[in-house]
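Dropping the sequence and predicted coords here.
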Amino acid sequence: MILKWLRWRRRKRLLASPFPEDWLTILDNNVLFYRNLSETQQEKLQRILRVIVAEKYWEGCQGFNVTEEVKVTIAAQAALLVLEMPGQYFDRIQSILVYPTAYFASGKTMGPGGVVTEGDSAREGEAWYRGPVILSWDDLLQGGRHNHDGRNLVFHEFAHQLDMLNGRFTNGTPLLETKQQYEQWQLVLHSEYQRLVQDCRGRHRPLLDCYGATNLAEFFAVATECFFERSRQLKQKHPELYEILQGFYHQDPASYIA
Ligand SMILES: [Zn+2]
């Protein structure tokens, strides 16, 4: 209780000071979706990203220097996911590790069990249960600067974190609000996942990245990338999937992402 109060007081103090002017330049250069947001959305995003920048432990790997530009670029993209989830600042994530580029690692498992790694041996990112989020700067910058290609590493890894909020297993089902929402989620997600598995065997490239056909956890992360990056196409081609994601994120990006 006291810890919560101290945190609340610390955040209040942090947000009482004006938003750093040079951070706006960073957003303008590296986070393309920012300019499409309404003024109210931009203010919300600024608040969330400031808390993330201030409260996470940031560490550069392989000699990478985690500058303010790096922190703001990551935090802004993560903040979009929870823009309409009041009080959600990814509190369970304590540290964010950044590599300069895709990195090589071994000895970790993929899928359920509290860790999700992306890529085969050269990795772009990882999401650990209650542990760090690990990202490659090259890839996450690419994601921030190209906001219509359906790929965004930060959205992907932080979607895994939302998936882990109801336990250490990533299963493609995050914490939902009602029983009905869970039933609908299972129904839509499973059938859309099967559809992607089928489509990826065919000749035509589906809208959703075939990496989502790996398992349901990857499907949710890939669907999240598509929801924010190719929202209009997703709404048109997968209206049911769009609708449940809209219900979960409490956002309608097709209406504001140009
Ligand atoms: Zn993943």
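Cool, the structure landed. Numbering: from 1, shown residues only.

Next, count neighbours for Ser191.
The number of residues packed near Ser191 is 12, by other Cβ atoms under 10 Å. For the C-beta atoms, the positions are set from N, CA and C on the backbone; glycine is no exception.

Could you look up the SS state of it?
helix (DSSP: H, G, I helix; E, B strand; the rest coil).

what's the pLDDT at it?
Predicted confidence (pLDDT) for Ser191: 97.

Can you tell me how far it is from Phe220?
14 Å (Cβ to Cβ, to the nearest Å).

cool, and Thr25?
Using Cβ to Cβ, we find Thr25 at a distance of 33 Å from Phe220.

how close does the closest residue to Leu189 other than its chain neighbours sit to Ser38?
In space, Leu189 comes closest to Gly172 once its chain neighbours are excluded; the distance is 5.8 Å by Cβ to Cβ, 6 or more residues apart in numbering. Separation of Gly172 from Ser38 (Cβ to Cβ) stands at 30 Å.

Those two - which one has more neighbours?
The neighbour count for Gly172 versus Ser38, taken as other Cβ under 10 Å, is higher for Gly172 (22 against 9).

Report the secondary structure state of the more buried one.
coil.

looking at this protein, which helix or strand is least sure?
strand 115-117 (a mean of 67; mean pLDDT, DSSP states H and E).

The stretch 101-250 of the chain: helices as residue ranges?
Taking DSSP state H, counting those that start in this stretch as the criterion, the stretch 101-250 of the chain contains helices spanning 137-145, 153-163, 179-201, 216-229, 231-237, 239-249.
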